[in-house]
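>>> Structure, please.
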Amino acid sequence: MNLTDLFDLSLRGLRADSVALEFEGQEYTFRQLDQRSNRLAHFLLDMDFKAGDRLCVYFANCVEMIDLYLACIKTGLIFVPINILYRDREIGHILNDAKPKAVVADEVIATGGIPVWTLDTLRQAVQKQQSTRPSAPLDGDAPAGIIYTSGTTGTSKGAVLTHNNFAVNALNLLTCWQITSEDRFLLGLPLFHVHGLGNGLHCWLMSGCRMRLLTRFEHQKAEQTFVDFRPTLFFGVPTVYVRLLEMNSSSAAEIGRFMRLFVSGSAPLPAHVLMEFRKLFGHTILERYGMSETLMNISNPYVGERRAGTVGLPLPGVSVRLLDRSLQPVADGETGEVYLRGPNVFSGYWEREDATRASFVDGYFKTGDLATRSNDGYYTLCGRSSDLIISRGFNIYPRELEEFLQEQPEVAEAAVVGWPDAVRGEVPVAYVVLKEQIAVEALESRCKEKLASFKMPRKFIPINQLPRNAMGKVQKHLLPKS
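I've put the predicted structure just below:
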């Protein structure tokens with residue numbers, strides 16, 4: 001089976017004539033979405049697209065993005081979304097790497113001669129196409145999408161995700177998070193990212209629930225949106241939940257009464273945010289851990305303890321190893337690098353055989369993330385191995401310091417990085433976004449009281465905001481150097 005077979009449970013099944021999607025005041029049934037994407041599929045085939053060809057898309061959330069994705073998986077094309085925050089240099093890298101047959105964009109971009117279609121072009125072209133399903137037999141190992149990594153440590157690489165990768169991931173989430181056709185799903189995550197596409201879109205289409213898609217999440221409109229749509233299910237990133245904490249208590253309580261599940265991912269959720277959110281909304285956010293290359297790996301349980309600061313337990317079929325630099329297993333409570341194996345793990349990087357080989361050890365994917373495991377199996381992320389600070393031979397994990405700083409009432413956010421030091425090798429430096437003024441000496445005093453001396457930040461740098469990518473992940477390489 002491939003993704004189309006699974007989506008057909010909604011597109012052609014008992015719920016085919018139910019409202020599937022709300023977007024900007026318009027409603028669409030599953031049958032209408034099926035027919036719209038069929039027309040697009042015929043158009044792409046008329047334009048001489050063949051299975052395995054790539055189609056790049058560059059625009060914000062809209063119904064046409066869903067149409068294009070469905071058209072691609074129905075015809076064996078490979079869907080390549082591009083972050084709408086990217087500009088010419090970053091777009092050019094992806095186009096040169098993926099070599100798409102065409103690009104669909106809602107603004108003028110430089111493509112180096114690759115054909116560009118606007119949304120208006122597509123809308124006009126599909127009017128003449130038939131709405132019947134084109135025939136394109138595919139198995140589950142066929143590539144469905146190429147998701148480009150954020151490229152914080154070099155040029156971004158394209159993770160090739162198959163129909164099976166996406167299918168297993170969504171089936172896991174439907175089961176473990178109890179997502180059904182009875183849910184009302186509010187999705188404001190960008191569909192160019194694996195969080196919105198691989199989790200959001202697939203869970204919606206396979207469950208047959210009703211979804212309201214937002215062009216983007218706007219915290220100023222959040223209260224109105226929640227109260228109007230009355231969702232039961234919401235996926236967000238930590239920065240979204242920080243913004244939701246600004247809501248007044250009566251509105252938060254009302255929202256909490258009709259909500260079933262809040263899920264957080266794409267960046268670490270500070271423990272204090274989970275605690276404050278629980279007090280305000282009456283719900284414990286479910287935090288989980290995934291990657292572009294692997295989709296979802298580990299999740300706090302739907303039924304059971306959602307432990308603050310952890311990402312929970314491995315999902316069904318996912319094997320996890322924590323290894324030291326000698327590739328030896330570490331004991332519970334010790335920090336090691338996360339290695340993963342399972343049907344969710346990607347097949348490799350697009351046309352990067354060397355990078356693919358370097359990313360696997362004994363069949364396990366080397367994530368670059370550091371974590372500890374408790375004696376009852378809960379995993380806690382400690383940051384990236386590239387973020388590890390080694391000072392006079394001592395290992396310092398930035399996330400531990402960041403969590404402590406963010407517990408201080410004056411500190412909104414914090415990021416800790418290592419700076420070179422002639423004597424110690426590296427020293428930790430803390431960047432802090434302040435909610436209210438506090439003397440550096442006061443922060444130093446609190447750190448000295450609670451942290452080992454070698455962990456003490458040697459400098460505190462107040463900044464207005466932390467640099468983040470579109471999914472809210474802090475981009476430490478963009479922090480000012482002085």
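>>> Tell me which residues of the lengthiest helix in the chain come out buried.
Under DSSP state H, the helix in the chain containing the largest number of residues is helix 30-46. The neighbour-count check on helix 30-46 (16 or more other Cβ atoms under 10 Å) flags 30-45 as buried. All C-beta spots, glycine's among them, are computed from the backbone N, C-alpha and C.
>>> most centrally placed residue in this structure?
residue 195 (3.2 Å; Cα atoms, centre = their mean).
>>> on that earlier part again, ok, residues contacting whichever helix or strand comes after the longest helix of the chain?
Next helix or strand after helix 30-46 toward the C-terminus (DSSP states H and E): strand 54-58. Residues outside strand 54-58 that contact it (Cβ atoms under 8 Å, 6 or more residues apart in numbering): 44, 49, 65, 68, 72, 77-82, 84, 86, 91, 94-95, 98-107, 109, 114, 146, 192.
>>> which of those count as buried?
Counted by 16+ other Cβ under 10 Å, these give 44, 49, 65, 68, 72, 77-82, 84, 86, 91, 94-95, 98, 100-106, 109, 114, 146, 192 as buried.
>>> Low-confidence stretches in the stretch 151-300 of the chain?
151-154 (pLDDT under 70).
>>> Please enumerate the helices of it.
163-176, 194, 202-207, 222-229, 238-244, 249-258, 271-281 (DSSP state H, counting those that start in this stretch).
>>> which of these is buried the deepest?
Neighbour counts (mean count of other Cβ atoms under 10 Å) averaged over each of these peak at helix 194, with a mean of 29.
>>> hmm, back to that, want to throw the helices of the stretch 151-300 of the chain into CSV with distance to residue 141?
Below are the helices of the stretch 151-300 of the chain laid out as CSV (distance: least, Cβ to Cβ, whole Å):
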stretch, distance to residue 141
helix 163-176, 6
helix 194, 19
helix 202-207, 17
helix 222-229, 37
helix 238-244, 34
helix 249-258, 41
helix 271-281, 38
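>>> For residue 7, find the nearest of the ones you listed.
helix 202-207 (4.6 Å; Cβ to Cβ).
>>> Next, the contact list for the residue sitting furthest away from the middle of the chain, please.
Distance from the centre of the chain peaks at residue 423, with 39.1 Å (Cα atoms, centre = their mean). Contact partners of residue 423, counting by Cβ under 8 Å, 6+ apart, are residue 392.
>>> isn't there a strand covering it?
No. Counting by DSSP: H, G, I helix; E, B strand; the rest coil, residue 423 is located in no strand; its state is coil.
>>> Can you give me the distance of it to residue 160?
Distance of residue 423 to residue 160, given as Cβ to Cβ, to the nearest Å: 45 Å.
>>> for residue 209, same thing?
Distance from residue 209 to residue 160, by Cβ to Cβ: 28 Å.
>>> cool, and residue 172?
With Cβ to Cβ as the criterion, residue 172 and residue 160 are 20 Å apart.
>>> Nearest to residue 119 among the buried residues of helix 30-46?
residue 40 (11.4 Å).
>>> which residue ranges form the strands in the stretch 351-482 of the chain?
360-361, 364-373, 379-384, 389-391, 394-396, 411-421, 425-434, 459-462 (DSSP state E, counting those that start in this stretch).
>>> got these as CSV, with distance to residue 21, mean pLDDT and mean neighbour count columns?
Converted to CSV, the strands of the stretch 351-482 of the chain look like this (distance: least, Cβ to Cβ, whole Å; pLDDT from 0 to 100; neighbours: other Cβ atoms under 10 Å):
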stretch, distance to residue 21, mean pLDDT, mean neighbour count
strand 360-361, 38, 96, 15
strand 364-373, 34, 96, 20
strand 379-384, 34, 90, 22
strand 389-391, 46, 83, 18
strand 394-396, 47, 79, 17
strand 411-421, 34, 90, 19
strand 425-434, 37, 90, 20
strand 459-462, 44, 92, 16
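>>> Nearest to residue 202, out of those?
Residue 202 lies closest to strand 364-373 among the strands of the stretch 351-482 of the chain, at 20.4 Å (Cβ to Cβ).
>>> Paired strands for that closest one, with orientation please.
Note on strand 364-373: by DSSP bridges, its sheet partners are strand 336-341 (antiparallel), strand 360-361 (antiparallel), strand 379-384 (antiparallel).
>>> Residue 136 falls within a helix, correct?
No. Counting by three-state DSSP, residue 136 is not found in a helix; it is coil.
>>> quick one: it from residue 64, how far?
20 Å.
>>> Ok, residue 267 next?
28 Å.
>>> Comparing those two, which shows the higher neighbour count?
residue 64 (21 against 16; other Cβ atoms under 10 Å).
>>> what helix or strand does the more buried one sit in?
Taking DSSP H and E as the criterion, residue 64 maps to helix 63-75.
>>> Distance of residue 42 relative to residue 431?
52 Å.
>>> Ok, which of the strands of the stretch 351-482 of the chain comes nearest residue 474?
Between the strands of the stretch 351-482 of the chain, strand 411-421 lies closest to residue 474; by Cβ to Cβ that is 5.2 Å.
>>> Which secondary structure state does residue 96 sit in?
helix.
>>> Which residue is the nearest non-sequential neighbour of residue 249?
residue 280 (6.2 Å; Cβ to Cβ, 6 or more residues apart in numbering).
>>> who touches that neighbour in this structure?
245, 247, 249, 252, 253.
>>> Apply 7 Å and report the result again.
The neighbours of residue 280, taking Cβ atoms under 7 Å, 6 or more residues apart in numbering as the test, are 245, 249, 252.
>>> And residue 330, by the same measure?
Counting by Cβ under 7 Å, 6+ apart, residue 330 has contacts 322, 323, 324, 336.
>>> Closest to residue 185 out of the residues you listed?
residue 322 (33.5 Å).
>>> how deep is the closest one tucked in, by neighbour count?
20.
>>> Would you mind extracting the C-alpha trace of the helix or strand containing it into CSV?
According to DSSP H and E, residue 322 maps onto strand 319-323. Taking Å, rounded to 0.1, in the frame of the first residue of the first chain, the C-alpha atoms of strand 319-323 are listed here in CSV:
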residue,chain,number,x,y,z
SER,A,319,14.7,1.4,18.6
VAL,A,320,16.9,3.9,20.5
ARG,A,321,20.5,3.6,21.5
LEU,A,322,22.4,6.2,23.6
LEU,A,323,26.1,5.8,22.8
